[in-house]
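>>> What follows is a predicted protein model with its sequence.
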Amino acid sequence: MTTTSRAGQRPARQLPRTKARNNRTDGAARAPWMLLAPFLVLFVLTFILPIFVAVLSSFTKVTRSGLFGETGVESEFAGFSNYAQALGDGSFIASIGRMLLFGIIQVPVMIALCTVLALMLESASAKWPSFFRAAYFLPYGVPGVIATILWSFLYVPGLSPLFDIAALVGLTPDFLGANSVLWSIANIVTWSYTGYNMLIIVAQLKAIPGELYEAAKVDGASTFRVALSIQLPLIKPALVLTTVFSIIGTLQLFAEAEVLKTVAPAIDSQYTPNLSAYTTAFAYNDYNVAAAQAVLIALAAFTLSFAFLKFTNRKSS
Amino acid sequence: MTSTVTPTSTAAAAPAGKSPAGPARSARKGRSSTIIVTGLLVVALYFLTPVYWVLVASTKSTEDLFSTNGFWFAPTFALWDNIAQVLSADDGIFIRWFLNSVLYAGVGALLATYFAAAGGYALAKYEFRGRNLVFGTILGGVLVPGTATALPLFLLFSQLGLANTYWSVLLPSLVSPFGLFLCRIYSQATVDTSLIEAARLDGASELRIFHTIGLRVLTPALVTVFLFQLVGIWNNYFLPLVMLSDTGLYPITLGLNTWLSQVDRLPEFYELTTGGVLLSIIPLSIAMVILQRFWRGGLTEGAVK
C-alpha cells in the first residue's frame, strides 16, 4: 500500500519524461502480489478457511427440532462442550495414547533404519548403490492403501506364505491379534516410508564436502569413526526434518488402520484419532464434535513437533 | 574445475585408498564390503517381497491362490485372464479410476508446482510489506496435518456445492506449502539478482522475467516439488474418501479398497484386487525408479544452502 502511494508522489517532483520508469516501480510493487495471488487464493480457500471453519464449528452446537430436523436447525455457541465431549470419550483418548506408543517405537526404529541404510549405501564398500536405492525407494510410490492391501494379504492365514515359513521354525504368528496388529501397522508404515526418509538423508550426505573425508583419511579414521564424528553430526538437519514429518504422520495415521479393519476385527472404528474423527463425522453425523477432534489432533501434532524441535535445539547449544 | 574433490569422492576414495594398502588391508576391505552388501540385500528382500508376492498372486486363479505356495507360481498361468477381468469389471471402472488418479495427480501436481514456484520466487526476490507475515503463515501451513483440514474442508465444500465433484479433490491438491518453501530457498540461493536487474533494464516486465529467467533457473527444484506433489496426491486417501461418494469420481486407491471390502462375500474379488494392485503399482514404480535421480538432485541443492 505505502509503496504505491510513495511511487505516486514522485511524478510531482520529477519530469514527465521519467513516467515510464515510474510505471516500472509501480509494476515492481505489484509484481510480488501478482505472483503470489494464485497460491494465496488457494491457500486461503483450502488452509485458512477450513481451519477457521473447524475452530468455529468446534465451538458450535447444532440442534435440530422436529424428528428429522424439518422444523428448523438452530446453531448456538457451545463453549468448550464439544471439546469436553471429545476428551471425555475414552476411546478417543485411547486412540491418542495408542498413537503415542506407536510413535515412540516406530519413529526411532524407522529413523535409525534409514540412517544406517543411507550410511551403508554411501559407504565406499557398497555395491550396486543405484539398484538398492531404487529398491528401497519403490514402496514410497505404492499408496498407503495399496501397501496395506498388499501386506494384509501377507497377514491373513491361509493366504500368506509367511505362515508356512514360520511353521518351518515352529512358530504360529498372529499378525492381526489385539496385541500385535498395532505392530503390523507399524511394519506397513516402516515399509512405506523408510526409503523416502533414506533419500532425504542421502541427499544431505552427498552435500558433505569431500575435503572432510580426505582429512579424516589422512588422520587414519575408521569408517565407523567417520560415520560417528563427521557424517552423523552433519546430517542432523535431515534427521530432524524426517523425524518431525514422521511425528506428524503418526498422528495422522488413517488409511492403514481403515483398510486393515476389514481383515482385523481387533481394529475398531476409533482405533486411531483420525479414524475416530471420521467415524464421529460420518457415522454419527456429529460434525461439531468431529471438528473439535480434528482441532485436538492438529494441536497435538503441533505440540509434539515443537517439543521435538525445542529438544533438539537445546541439545545442540 | 576441481573435479578430483567433488563430493562423490567417497566413491572415488575407494580405489585411491587401495593402492598404498597391503593385501591384509584389502582383505579386510573385502570382508566389510561383503557384510555391507549382505545387509543391503537382506533389506532389499524385505522391501521387494510384498511386490513379488502380488506379482505371483496375480498370475493365479482364486483356487490356486489359496492352495499353492504364495511365493511360487501355480501350474496354471492366469495372469492375462485376471488382467482382462480387472479391465472389464463393472464396464471398465478400473480404467476410469486410473484416469481419475492421473487427472488428480498430473494436473494437480503441475499447477501446484507452478503456483509454488511463482510464490516462492516472489517471496525470495522482492522486498514488500507483509512479506514476513505471508511467509510465516504459509510456513505454519507446512505443519498442519493434511487430514486435519480434510473434514472442515468437506463442510466448507458442501456448503459451496463443491463436494463430490472433481474440484473437491483437485482444488486442495493445487496448494503445496512445502513446495513454496523449497522454491523460496532455491530462489534465494540460485536466482541471480543482477540478472533480474539486467532484464529490467532491457524493458522486460516482471512477470516475463519470472517466466523466462526464474522458471528456467528453478527447474531442478521444480522437478522435486512436482514429484513430491505427484506422489502426495496419488497416494492420498483421506481427502477423496471424505469428499467423494460417486464411485465414478474415485481415484484408484479408493476404488481398489471398495473391491477389497467385498472379498469377504465374493472371493473372486481377490483376483480383481491382486490384479488391480499389480496394475496400479507398475506406473508409479517405474516413475520412481527413473525419476529418483532428478529428485535427489533437486533436494541436495535445496539442502546445501
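That came in fine, so what should we check first?
>>> per-residue pLDDT, B:Leu278?
The model reports B:Leu278 with a pLDDT of 86.
>>> Now do the buried residues in the longest helix anywhere in chain A.
If each helix of chain A is counted by residues according to DSSP state H, the longest one is helix A:90-122. Residues of helix A:90-122 classed as buried: A:92, A:95-96, A:98-99, A:102-103, A:106-107, A:110-111, A:113-115, A:117-122 (neighbour count, 16 or more other CB atoms under 10 Å in any protein chain shown). (Glycine included, C-beta is placed from N, CA and C.)
>>> Could you tell me which ones among those also sit near chain B?
When the buried residues of helix A:90-122 are checked against chain B using CB under 8 Å from any CB of the partner chain, the ones in range are A:117, A:120-122.
>>> pLDDT added to the residues you listed, as JSON lines?
Rendered in JSON lines, the data for these read as follows (pLDDT from 0 to 100):
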{"residue": "A:Leu117", "pLDDT": "92"}
{"residue": "A:Met120", "pLDDT": "88"}
{"residue": "A:Leu121", "pLDDT": "87"}
{"residue": "A:Glu122", "pLDDT": "83"}
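>>> Looking at those residues, which is nearest B:Ala78?
Proximity of those to B:Ala78 (CB to CB) peaks at A:Leu117, which lies at 36.5 Å.
>>> Contact partners for the closest one?
Taking CB atoms under 8 Å, 6 or more residues apart in numbering or on different chains as the criterion, A:Leu117 is in contact with A:136, A:194, A:198, B:40, B:43.
>>> Now flag whichever of those is closest to A:Thr280.
Minimum distance to A:Thr280 across those is 32.3 Å, recorded for A:Thr194 (CB to CB).
>>> coming back round to it: quick one: the contacts of A:Leu117 as CSV, columns for distance to A:Leu239 and pLDDT too.
Formatted as CSV, the entries for the contacts of A:Leu117 read as follows, by distance: CB to CB, whole Å; pLDDT from 0 to 100:
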residue, distance to A:Leu239, pLDDT
A:Tyr136, 17, 89
A:Thr194, 14, 93
A:Met198, 11, 90
B:Leu40, 21, 90
B:Val43, 19, 91
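>>> So of those residues, which two are at opposite extremes in space?
Of all pairs drawn from those, the one with the largest separation by CB to CB is A:Thr194 and B:Leu40; the distance is 13.0 Å.
>>> which SS state does the residue nearest in space to the middle of chain B fall under?
By CA atoms, centre = their mean, the mean C-alpha position of chain B lies nearest to B:Val231, the distance being 2.4 Å. The local conformation at B:Val231, judged by DSSP: H, G, I helix; E, B strand; the rest coil, is helix.
>>> From chain A, how far out is it?
In this view, B:Val231 and chain A are 6 Å apart by CB to the nearest CB, to the nearest Å.
>>> Was I right to think B:Phe73 contacts B:Thr59?
Yes: using CB atoms under 8 Å, B:Phe73 is in contact with B:Thr59, at 5.8 Å.
>>> following the one helix or strand B:Arg96 maps to, which helix or strand shows up next?
Taking DSSP states H and E as the definition, one finds B:Arg96 inside helix B:79-102. Toward the C-terminal end, the helix or strand that comes next after helix B:79-102 (DSSP H and E) is helix B:108-125.
>>> what distance separates that following helix from the centre of its chain?
Mean-position distance between helix B:108-125 and its chain equals 18 Å (CA atoms, centre = their mean, to the nearest Å).
>>> same for it, what does it pack against?
Other helices and strands packing on helix B:108-125, by 3 or more CB pairs under 8 Å, 6 or more residues apart in numbering or on different chains; DSSP states H and E, are helix A:19-43, helix B:131-143, helix B:166-173, helix B:177-190, helix B:215-235.
>>> again, 10 Å this time
Contact here means 3 or more CB pairs under 10 Å, 6 or more residues apart in numbering or on different chains; DSSP states H and E; on that basis helix B:108-125 packs against helix A:19-43, helix B:131-143, helix B:166-173, helix B:177-190, helix B:193-201, helix B:206-209, helix B:215-235.
>>> Tell me which residues of that helix come out buried.
For helix B:108-125, a neighbour-count test (16+ other CB under 10 Å) marks B:108-109, B:111-125 as buried.
>>> orientation of that helix relative to helix B:177-190 in degrees?
Going by axes from the mean of the first three to the mean of the last three CA atoms, to 10 degrees, helix B:108-125 is angled at 50 degrees with respect to helix B:177-190.
>>> pLDDT weak spots in chain B?
Applying pLDDT under 70 to chain B flags the ranges B:1-29, B:264, B:291-305.
>>> Please apply the same query to the stretch 51-200 of chain A.
Within the stretch 51-200 of chain A, the set of residues satisfying pLDDT under 70 comprises A:65-72.
>>> Dump the contacts of A:Leu117 into CSV; add neighbour count and secondary structure as well.
Listed next are those as CSV, based on neighbours: other CB atoms under 10 Å in any protein chain shown; DSSP: H, G, I helix; E, B strand; the rest coil:
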residue, neighbour count, secondary structure
A:Tyr136, 28, helix
A:Thr194, 23, helix
A:Met198, 28, helix
B:Leu40, 23, helix
B:Val43, 20, helix
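>>> what sits against the residue nearest to B:Ala199 when sequence neighbours are not counted?
In space, and not counting its chain neighbours, B:Ala199 is closest to B:Ile209: 4.7 Å by CB to CB, 6 or more residues apart in numbering or on different chains. Contacts for B:Ile209 (CB atoms under 10 Å, 6 or more residues apart in numbering or on different chains) come out as A:31, B:121, B:125, B:191, B:195-200, B:202, B:215.
>>> Chain neighbours aside, what residue packs nearest to A:Pro50?
B:Pro152 (3.9 Å).
>>> what residues are up against whichever residue of the stretch 201-305 of chain B sits closest to chain A?
Among the residues of the stretch 201-305 of chain B, B:Glu206 lies closest to chain A, at 3.4 Å counting by CB to the nearest CB. Contacts of B:Glu206 were listed using CB under 10 Å, 6+ apart, and they are A:24, A:27-32, A:34-35, B:122, B:125-126, B:196, B:199-200, B:214.
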